[in-house]
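**Q** Fold the stuff below for me.
(2 chains)
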Amino acid sequence: MRLLAIALIAALSVVAGAQATGYRSGLQGKVTRGPTSPVCVAEQPCSGPASHLTLVFWRDGRVVARATTDGAGRFRIRLAPARYRVSRAAPTSVGRGLEPLVVRVVPGRFTTVDFSIDTGIR
Amino acid sequence: MSSNWKVVVALATVSAFAVCSVAASAGTQATARFAATSLVPRVGTGGPQTGDFTPSEGAGPVEDEFPGEPEDDEGDEGPEPFDGQLPGGISLSHGSGKGATISSAAKAKSNPEVQTEFEGLNLFQQRYARGGNQFTVEPPDQALCVGNGYVVEAVNDVINVFNQSGQSVLPNNTSTNIVSGFPTDVNHAVDLNSFYGYGPAINRATGVRAQFVTDPSCLYDAATQRFFVVVLTLESLPNGAFTQQNHIDIAVSQTSNPTGGWNIYRLDVTGDGTNTGGVNPGPFLGDYPHIGADANGFYVTTNAYPWCCNGFSGAQVYALSKAQLAAGAASVTAVHFDTSGTVNAPSDAGSTQPGFTVWPAQSPGTSSFETANNGTEYFMSSNAADEATHPKAGTGGNYTSSQIVVWTMTNTASLNTATPNPVLTNRLVSVNQYALPPKQHQPGSGTAPDVAVPQGHCINDIATVTIAGVGCWRLLFAAEPAHNEVISTPDSNDTRMQQVMFANGKLWGALDSAVTVGGQNRAGIAYYVVNPASGALVLQALMGVAGADLTYPAIGVTPSGRGVIAFTYTGDNTFPSAAYAPLDAKVGAGAWSFAGPGGEGKAVDDGFTSYKSQVGDPPRTRWGDYGAAAVDGNSIWIASEYIAKACDYQTWGGRFFGATTGDNKLGTCAPSPGAAGPRVALGNWSTHIAKLNP
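**A** Below you'll find the model as predicted:
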């Protein structure tokens, strides 16, 4: 609801700051925000794209990469094979505002991982 | 203890009846926040009678409920779940066992036992009321009120009225409730769209949708002998798209009999909110409305979210004359307060926070109201959520706090005059740390659904012979989904305040919190008893049970101070259940129990929001979003979401698996077409109602 008005037709565009390059592995997927309605209905979406949102990837306590979603909430980023902690631009210490909070990149492929963010709407 | 007062100023901007009300005394700060008065019109009448509809004739499995295109999931190397540990965790275990033991040596002064219990409204009744022109929805959102011998229950999006033995006293509508060609038994339930005079939520013959009604709340006011049922209504286009206009619909029974006529008042909230930091303009969504009352006023509060953006636009507080509502006045003056910028704690918008889920108190009986300061209504809220700490960005907090907020509205008697002039203040009260709870665990969470979890098992199945071909998934999807669903971990609540009562001179409330118990981080309940006049914390505690999760507390308290906390109880070995614990202001909560033998859940949550192929990955399994407790004399009635009945895979598939018996609708597990079923294809929530005498 809060982001459904965002156009879904924007071309895929990834902004990756401090991003490792040259790897043939990484992550891709989409970030959604939900619930977008106080009650979810089986016949209509209960989440919407989280557009222009920056995901921060952490390894060994350091920020190693950032990826910003496009207008449709999609992202794609090259990363070395490893486990990463993920946060939004402002790190969170506890809680589930972003799910999942840990991802794993495997060698030689782009793993699809979708993230969700709690809007607080109930 | 903090004594950090803020005053919210109500200024007249539109009504000639309104006056300027500025209360800034020693130790207080007036804010620049403006509010307004407006006239809330009576827009018509309604009641628990089903409106017009076209019978739902489709014999398809679940008619039009298939999403069609499942999510493409190629991520077989999926992410590992967050471990859920709370750094420096809270470790206040309190009770355990099936009502048998408690770690505290003290005992609550009452040990109530369940006097009456019955299953209330459920998803089958919701989906197939009004001839099946309804939706499968999650979660139910529990509303309950009791008085004059009636038990009124509402959920998303149906209502029923029971006698105190649990039988519906609404007219039997089975013969006219034609679904897929058969009269269908929904235990007399009436859809909320009918109750408020709207068209069917969806016309199954045409696909046209009417208003989207949600978030019901209910209150019986013994002083006026009127029932109040309040919902948030979202205006929709015929294709279901929201127009963004939304209003609070206030239904007031015309007499003390809730089966008769009701007056409907409409309070538009579309424009009510603050453009936080200049980046969250309106219009706004008036989410999560809840209600309370004192001797003079009837109060509605909402959480205003901008439709456009990421932030939060403040809790909104509306105060109306209870007497005028009860009398059926043609219009009632509402005084509106925007709480943005009124709580003296820092946020990303500056040195103040907005209120968030400012829950108004209700009081038992006719003599428990606060009469000081020309009539006083109390509210409580919490401030761990992003809505409080990051209203501008809508994100970035750490979801923990050691404060709650007590709100006081004085001069409420003026609501019954031509110049209403109530004054709203708040103070921060220091409490023990509370934090966002982890999700609930139920038996088998994270493992593949077996035949006892039929929807999940169906999505994963590729071998069952069905009328749609080989593979049960074909009954639910047009394109093949990934067959990797697991039993879910239902949503716990966030840390927002839940039902608040003012009884025996004290303010009672509870919220969901993380709790470290048995070495695990689980969902628990923090509860508070406050002397609102002084701001003194009378009692607080964090309750949790090893191996279990407690969620969505609702406190009811009698005039003498005997209370009950109702909640959902789930466990590693316990299905989602309706439970309670006794409560008083001296020793706190006692040992917990199921809300009668029938309150123990019989299966896991198998709803559509549990599955990636239904709602995307990761799914957010909706639960709650709130429970309810209602005081009637010296009795307390409680209601919570639970899973009432089990249904195995073969019965769920029934005729769609080639059986010659069962329902002609997929997944109801009903024994025959039109018979009452324990569930629907895409979900299985139910509600449980119990009466206790603490």
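
**Q** For the stretch 501-650 of chain B, which residues are neighbours of chain A?
**A** Within the stretch 501-650 of chain B, the positions near chain A by Cβ under 8 Å from any Cβ of the partner chain are B:514, B:608-609, B:614-618, B:620, B:622, B:624-625. (C-beta placed from N, C-alpha, C; glycine too.)

**Q** And for the stretch 251-400 of chain B?
**A** Contact residues (Cβ under 8 Å from any Cβ) of the stretch 251-400 of chain B with chain A: B:285, B:287-288, B:303, B:305-310, B:312, B:385-387, B:390, B:393-400.

**Q** Touching, A:G71 and A:L53? I think so.
**A** No. Applying Cβ atoms under 8 Å as the test, A:G71 and A:L53 come out as separate, 10.8 Å apart.

**Q** coming back round to it: so of the residues of the stretch 251-400 of chain B next to chain A, which ones are in helices?
**A** Among these, DSSP state H puts B:386-387 in helices.

**Q** The lengthiest strand in chain A close to chain B?
**A** For chain A, the strand with the greatest residue count under DSSP state E is strand A:26-34. Yes. Residues of strand A:26-34 are located near chain B by Cβ under 8 Å from any Cβ, namely A:29, A:32-34.

**Q** who has more neighbours, A:G71 and A:L53?
**A** A:L53 (22 against 17; other Cβ atoms under 10 Å in any protein chain shown).

**Q** For that one, give me its contacts.
**A** By Cβ atoms under 8 Å, 6 or more residues apart in numbering or on different chains, the residues touching A:L53 are A:31, A:68-69, A:73, A:88-89, A:117.

**Q** One more pass at 7 Å, please.
**A** Contacts here follow Cβ atoms under 7 Å, 6 or more residues apart in numbering or on different chains; on that basis A:L53 touches A:31, A:68-69, A:88.

**Q** which ones among these are found in strands?
**A** Going by DSSP E, the strands hold A:31, A:68, A:88 from those.

**Q** Tell me the one of the residues you listed nearest chain B?
**A** A:R88 (5.6 Å; Cβ to the nearest Cβ).

**Q** doesn't B:A393 make contact with the closest one?
**A** No. The pair A:R88 / B:A393 is not scored as a contact, 9.1 Å apart, by Cβ atoms under 7 Å.

**Q** Just want to know which of these two has more residues nearby.
**A** B:A393 (23 against 19).

**Q** Pretty sure that one sits against B:S347.
**A** No. Here B:A393 does not reach B:S347: they are 9.7 Å apart, not a contact under Cβ under 7 Å.

**Q** pLDDT below threshold where in chain B?
**A** B:1-35, B:57-110 (pLDDT under 70).

**Q** Which residue is it, in it, that comes closest to chain A?
**A** Closest point on chain B to chain A, by Cβ to the nearest Cβ, is B:G396, at 3.3 Å.

**Q** re earlier: so which of the residues of strand A:26-34 next to chain B is the most crowded?
**A** Neighbour-wise, those (other Cβ under 10 Å) top out at A:R33, 27 neighbours.

**Q** bridging residues for it?
**A** Taking DSSP bridges as the rule, A:R33 bridges to A:G48, A:I117.

**Q** Show me which residues of stretch A:37-44 are buried.
**A** Residues A:37-44 are the ones in stretch A:37-44 that count as buried (16 or more other Cβ atoms under 10 Å in any protein chain shown).

**Q** residues contacting B:Y128?
**A** Here B:Y128 is in contact with B:134, B:179, B:184, B:186 (criterion: Cβ under 7 Å, 6+ apart).

**Q** Inside helices: which ones of those residues?
**A** Among these, no member falls in helices (DSSP H).

**Q** Let's have the residues you listed in JSON lines, adding neighbour count.
**A** What follows is those, written out as JSON lines (neighbours: other Cβ atoms under 10 Å in any protein chain shown):
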{"residue": "B:Q134", "neighbour count": "28"}
{"residue": "B:V179", "neighbour count": "29"}
{"residue": "B:T184", "neighbour count": "31"}
{"residue": "B:V186", "neighbour count": "29"}
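
**Q** between those residues, which is closest to B:S236?
**A** Minimum distance to B:S236 across the contacts of B:Y128 is 14.4 Å, recorded for B:Q134 (Cβ to Cβ).

**Q** Just checking: what are the partner strands of the helix or strand containing B:Q316?
**A** In the assignment (DSSP states H and E), B:Q316 maps to strand B:315-321. Applying DSSP bridges to the sheet, strand B:315-321 is found paired with strand B:297-306 (antiparallel), strand B:331-338 (antiparallel).

**Q** Would you mind finding the most buried of these?
**A** strand B:297-306 (a mean of 28; mean count of other Cβ atoms under 10 Å in any protein chain shown).

**Q** in the sheet, who's paired with the spatially closest residue to B:P364 that is not a sequence neighbour?
**A** Spatial nearest neighbour of B:P364, excluding adjacent residues (Cβ to Cβ, 6 or more residues apart in numbering or on different chains): B:V631 at 3.7 Å. Listed by DSSP bridges, the beta-bridge partners for B:V631 are B:I636.

**Q** was I right about B:V631 contacting B:G556?
**A** Yes. Counting by Cβ under 7 Å, B:G556 is a contact partner of B:V631 at 5.0 Å.

**Q** hang on, the earlier thing: just the residues of the stretch 501-650 of chain B next to chain A: which are in helices?
**A** Among these, the members falling in helices (DSSP H) are B:614-615.

**Q** got a markdown table for the residues of the stretch 501-650 of chain B next to chain A, with neighbour count too?
**A** A markdown table is the format used below for those (neighbours: other Cβ under 10 Å):
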| residue | neighbour count |
| --- | --- |
| B:A514 | 29 |
| B:F608 | 28 |
| B:T609 | 26 |
| B:Q614 | 27 |
| B:V615 | 27 |
| B:G616 | 22 |
| B:D617 | 25 |
| B:P618 | 20 |
| B:R620 | 25 |
| B:R622 | 30 |
| B:G624 | 23 |
| B:D625 | 27 |
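
**Q** Of the residues of the stretch 501-650 of chain B next to chain A, which belong to strands?
**A** Of those, the ones assigned to strands by DSSP E are B:A514.

**Q** Could you check how many residues crowd around A:A82?
**A** A:A82 has 16 neighbours, counted by other Cβ under 10 Å.

**Q** try B:E480
**A** 12.

**Q** Number of residues surrounding the nearest residue to it once chain neighbours are set aside?
**A** Once flanking residues are discounted, B:E480 sits nearest to B:W473: 6.3 Å by Cβ to Cβ, 6+ apart. Neighbours of B:W473 under the rule other Cβ under 10 Å: 24.

**Q** Now do the contacts for B:W473.
**A** B:458-459, B:461, B:480-481.

**Q** Quick check: closest non-adjacent residue to B:R562.
**A** B:P694 (3.9 Å).

**Q** Was I right to think the one you found contacts B:G561?
**A** No. Using Cβ under 7 Å, B:P694 is not in contact with B:G561; the gap is 9.5 Å.

**Q** Now that we have the contacts of A:L53, which of them are buried?
**A** The neighbour-count test (16+ other Cβ under 10 Å) marks A:31, A:68-69, A:88 as buried among those.

**Q** Strands along chain A, start to end?
**A** Along chain A, the segments classed as strands by DSSP E run A:26-34, A:40-41, A:48-49, A:54-59, A:62-68, A:74-78, A:82-88, A:98-99, A:102-105, A:110-112, A:115-118.
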